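structure for this input, please:
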Amino acid sequence: MKSLCIIVPVYNEAGNIRPLYDSIRQYIASLPVNTWALLFIDDGSTDGTFERIRELAAKDNRVQAISFSRHFGHQAALMAGIQAADADWLVTMDGDLQHPPHLIGSMTELMESGYDIVHVQQIAREKGLKSWLSKCFYKCYNFLSETPVTPHAADFKMFNRKVREALLQFHENALFVRGLMHWVGFRSTVITYEKPPRNSGATKYPLHKQLQLAWDALISFSFRPLRLVFFSGFLIGSLAFLFAIIAIVSYLFGKTVPGWTSLLLCILFLGSLQLIAIGLLGEYLGKVYEETKKRPLYLIRETINR
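Reported below is the predicted structural model:
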């Protein structure tokens with residue numbers, strides 16, 4: 001029999017705490033575990049989320065909690081839970097019930113068969129801009145990154161102690177946990193599910209935060225954007241050299257070489273490419289600067305049943 005810890009980062013999810021707890025209790029009785037814990041990571045909530053957790057913890061000591069001193073972000077909360085959890089199996093999931101607890105049963109069966117990590121891939125029902133941007137991100141990330149990730153497999157995962165110990169060796173501030181899950185390797189598999197609607201409230205991960213996470217992921221896991229800029233410059237330089245030869249040959253044969261408009265467009269294009277390259281270099285240097293400061297990833301205000 002194994003021990004299990006379910007890690008749930010929450011931010012202003014007061015209306016979902018009790019339903020999530022009840023749902024997990026309902027399904028966990030059938031799992032092959034002898035002890036379990038539900039570890040909430042309160043990411044600086046302001047709507048009474050931590051008070052709801054405190055009420056549950058007073059009645060059930062298997063409910064544990066860590067409360068941050070302020071809002072540090074979802075990735076920091078995930079890593080805090082991974083660092084704090086001590087179990088044979090660990091599950092990370094969101095607190096909005098869009099990660100169905102009943103899937104933990106299927107995940108444990110796969111873990112028992114010898115897998116180290118089980119990724120949960122959602123079959124999105126959403127349409128529109130966010131869905132299109134999500135598809136574009138995964139295609140772009142997997143093209144640029146040296147360690148591709150499973151598309152549409154967010155942070156709903158199950159993994160064992162061996163994977164946790166590997167993750168604890170990372171000390172990065174610009175975190176992309178699902179990327180690290182693939183980077184560490186180990187034997188993994190994927191299950192799929194259809195994403196249900198939120199149980200209560202609105203999403204706490206709006207579009208601008210998702211775009212920021214996507215950008216951080218690309219910068220943290222790939223140097224290929226820099227290489228693409230280099231090869232683009234090399235290609236443009238080669239074309240410019242070719243056009244220069246054509247212009248010289250045309251001039252020697254007495255032909256006029258028109259092209260003020262094309263020349264201006266080329267200058268504007270090259271200027272834009274240079275600004276993009278400088279901005280990209282600035283992003284990488286900024287990440288290096290953030291890492292060298294060695295600031296803590298999060299600060300803890302209070303813990304419960306820890």
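
number of residues surrounding M107?
By other C-beta atoms under 10 Å, 23 other residues sit near M107. Yep, even glycine has a C-beta here, placed from its N, CA and C like the rest.

show the model's pLDDT score for it.
At M107, the model reports a pLDDT of 91.

where does the stretch 201-306 of the chain dip in pLDDT?
For the stretch 201-306 of the chain, the stretches with pLDDT under 70 are 201-219, 221-223, 226, 230, 247, 251, 254-262, 264-265, 268.

so where is the stretch 1-150 of the chain shaky, pLDDT-wise?
Across the stretch 1-150 of the chain, residues meeting the criterion (pLDDT under 70) sit at 124-132.

okay, strands next: where are they in it?
Remark: strands assigned in the stretch 1-150 of the chain by DSSP state E, counting those that start in this stretch are 2-10, 33-42, 63-68, 89-92, 117-123.

between those, which one is closest to N305.
Closest approach to N305 among those is made by strand 63-68 (4.5 Å; C-beta to C-beta).

now do the contacts for the closest residue to E112 other than its chain neighbours.
Spatially, and ignoring its direct neighbours in sequence, E112 is nearest to P32 (6.8 Å; C-beta to C-beta, 6 or more residues apart in numbering). For P32, the contact set (C-beta atoms under 8 Å, 6 or more residues apart in numbering) comprises M1, K2, T108, E112.

what do you get if the cut-off is 10 Å, keeping everything else the same?
Shown in contact with P32 (C-beta atoms under 10 Å, 6 or more residues apart in numbering): M1, K2, L4, W89, G105, T108, E109, M111, E112.

give the bridge partners for the second one, please.
Counting by DSSP bridges, K2 forms beta bridges with V33.

does S30 really touch E109, like I thought?
No - taking contacts as C-beta atoms under 10 Å, S30 lies outside contact range of E109: 11.1 Å.

neighbour count for those two, which is higher?
More neighbours surround E109 than the other of S30 and E109, with 14 against 11 (other C-beta under 10 Å).

how near is that one to K139?
31 Å (C-beta to C-beta, to the nearest Å).

number of residues surrounding S238?
10.

do I have it right that V163 meets I82?
Yes - applying C-beta under 10 Å as the test, V163 and I82 come out as touching, 9.2 Å apart.

need the residues touching each of the two.
When contacts are counted by C-beta under 10 Å, 6+ apart, V163 and I82 have L90, L180 as shared neighbours.

which phi and psi does the residue nearest to E112 have?
Main-chain dihedrals, P32, degrees, to the nearest 10: phi -80, psi 60.

buried stuff in the strand or helix carrying E165?
According to DSSP states H and E, E165 maps onto helix 161-167. Within helix 161-167, the residues that qualify as buried are R161, V163, R164, A166, L167, counting by 16 or more other C-beta atoms under 10 Å.

hmm, back to that, just the buried residues out of the contacts of P32, in ChimeraX syntax.
The ChimeraX selection below is limited to those of those classed as buried (16+ other C-beta under 10 Å):
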select :2,4,89,108,111
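
from the contacts of P32, which is closest to F40?
Nearest to F40 among these, with distances taken as C-beta to C-beta, is L4, at 15.1 Å.

quick one on the thing from earlier: and of the strands of the stretch 1-150 of the chain, who's closest to L299?
L299 sits nearest to strand 63-68 of all the strands of the stretch 1-150 of the chain, at 6.5 Å, using C-beta to C-beta.

neighbouring strands of the closest one in the sheet, and parallel or not?
Note on strand 63-68: by DSSP bridges, its sheet partners are strand 33-42 (parallel), strand 300-304 (antiparallel).
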